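>>> below is the sequence, then the predicted model.
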Amino acid sequence: MQMKNFKEDFPLLRENPVVYLDSAATAQRPESVINSEMEFYKKCNANPLRGLYDLGFKATECYEQSRETVRKFINARSEREIIFTRNATESLNLVAYSYGMNFLKKGDEILVTVMEHHSNQLPWRVVAEKTGAAVKYIECNPDGTITEEQLKQAFSERTRLVAVTHISNVLGCKTPIKRITELAKECGAVVVLDASQSVPHIPVDVQSLDVDFLAFSGHKLMSPFGIGVLYGRESLLEKMPPFLTGGEMIDSVTRDKVIYSDLPHKFEAGTVNAAGAWGLKSAIIFKILVLIQSAVLKKNLPKEPLTDL
């Protein structure tokens with residue numbers, strides 16, 4: 001059995017003499033993903049979570065099915081822990097503003113690595129400026145590796161939040177996230193993981209990693225532009241105030257009182273990108289099918305089924 005030529009599944013690569021080596025910035029989209037987004041607009045186009053009619057219910061069903069697919073894909077405990085955003089940058093900013101601005105204070109320390117994408121560094125610098133917390137850096141070696149000594153030099157009794165990349169977008173190296181998480185738990189700090197480069201390429205299990213927040217963009221995973229994901233530990237999300245207000249994140253409003261929606265909708269203000277979420281679902285399924293074929297060829301089938309998405 002030979003590996004399928006997956007290049008044929010990508011219209012841009014199939015129809016143009018292109019060698020594409022920029023997937024770390026954004027991936028090409030397979031035809032199945034492009035068709036899925038078109039299918040939503042052709043068959044399910046209505047405002048999810050709002051319209052009390054058949055098409056509105058269908059749009060909502062597609063949107064929530066996509067959320068459940070993401071939940072299974074990263075092994076979150078509950079769909080309440082999966083929040084749809086525009087991209088990883090928005091996901092990280094959501095945590096910075098909703099958690100960081102409200103739960104960090106003067107004297108607290110925020111750790112980031114020197115390898116961080118600006119999207120996982122600048123929000124924390126803003127938080128530090130506004131709250132009086134301090135940003136400290138975890139150093140790394142020239143090849144991107146981080147030693148135990150470098151970790152212990154960075155952590156202190158004042159460490160309250162650690163924001164790190166899972167795989168560096170510049171160096172391609174993997175951070176020792178399990179050890180970082182262990183050290184963070186010892187000093188009562190929460191861990192924010194930028195998984196933008198890892199989720200498209202390696203298995204990611206949020207329960208095994210034991211991180212508190214995890215962010216990734218769909219477009220690096222072959223989904224349409226404009227859809228991202230934030231995983232958050234439910235106990236933390238429950239006590240965080242909304243990042244944006246208006247739209248379907250409201251349960252009820254009077255002149256004197258506002259009641260916000262339950263998780264996860266509390267953090268999904270305005271009209272949601274249901275078509276993008278539906279495309280993300282298709283992209284995840286495409287990736288799983290590629291993994292299955294690769295496993296068959298290597299005779300290394302997983303113990304658990306991968307198709308239940």
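Thanks, I have it. Residues are numbered from 1 along each chain as shown.
>>> could you pull out the strands for the stretch 151-300 of the chain?
159-165, 190-194, 213-217, 228-232, 250-253, 258-260 (DSSP state E, counting those that start in this stretch).
>>> pLDDT of the longest one, averaged?
The one in question is strand 159-165. Strand 159-165 shows a mean pLDDT of 98.
>>> not counting it itself, show me its contacts.
With Cβ atoms under 8 Å, 6 or more residues apart in numbering as the test, strand 159-165 has contacts from 92, 99-100, 103-104, 108-113, 115-117, 120-121, 124, 133, 136, 138, 175, 177, 180, 184, 187-194, 196-197. Bear in mind the C-beta positions are built from the backbone N, C-alpha and C, glycine included.
>>> sorry, back to before: quick one: closest of the strands of the stretch 151-300 of the chain to Cys62.
strand 228-232 (16.2 Å; Cβ to Cβ).
>>> which stretches of the stretch 201-309 of the chain have low pLDDT?
294-309 (pLDDT under 70).
>>> ok, 50 please
301, 303, 305-307 (pLDDT under 50).
>>> please enumerate the helices of it.
Along the stretch 201-309 of the chain, counting by DSSP state H, counting those that start in this stretch, helices occupy 206-209, 234-239, 274-298.
>>> ranking these by burial, who's on top?
helix 274-298 (a mean of 20; mean count of other Cβ atoms under 10 Å).
>>> wait, isn't Phe84 in contact with Thr271?
No - using Cβ atoms under 8 Å, Phe84 is not in contact with Thr271, being 11.7 Å away.
>>> compare these two (neighbour count), which wins?
Phe84 (25 against 12; other Cβ atoms under 10 Å).
>>> neighbours around Asn5, how many?
8.
>>> picking up where we left off before, of the helices of the stretch 201-309 of the chain, which is nearest Met222?
helix 274-298 (4.2 Å).
>>> who does that closest one touch, helix- and strand-wise?
The contact analysis (3 or more Cβ pairs under 8 Å, 6 or more residues apart in numbering; DSSP states H and E) places helix 274-298 against helix 31-43, helix 54-74.
>>> for these, which one ends up most surrounded?
helix 54-74 (a mean of 19).
>>> any idea which helix or strand comes after that helix?
strand 82-85 (DSSP states H and E).
>>> which one, of the strands of the stretch 151-300 of the chain, ends up nearest to Gln293?
strand 213-217 (23.3 Å).
>>> just to revisit the earlier point, of the helices and strands packed on helix 274-298, which is nearest Tyr231?
helix 54-74 (6.1 Å).
>>> so how far is the closest one off the chain centroid?
Relative to its chain's centre, helix 54-74 lies at 16 Å (Cα atoms, centre = their mean, to the nearest Å).
>>> ditto for stretch 206-217
8 Å.
>>> before we move on, what about stretch 204-218?
7 Å.
>>> can you list the buried residues in it?
Residues of stretch 204-218 classed as buried: 204, 206, 209, 211-218 (neighbour count, 16 or more other Cβ atoms under 10 Å).
>>> make TSV out of the helices of the stretch 201-309 of the chain and add distance to Gly51.
Listed next are the helices of the stretch 201-309 of the chain as TSV, based on distance: least, Cβ to Cβ, whole Å:
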stretch	distance to Gly51
helix 206-209	32
helix 234-239	26
helix 274-298	11
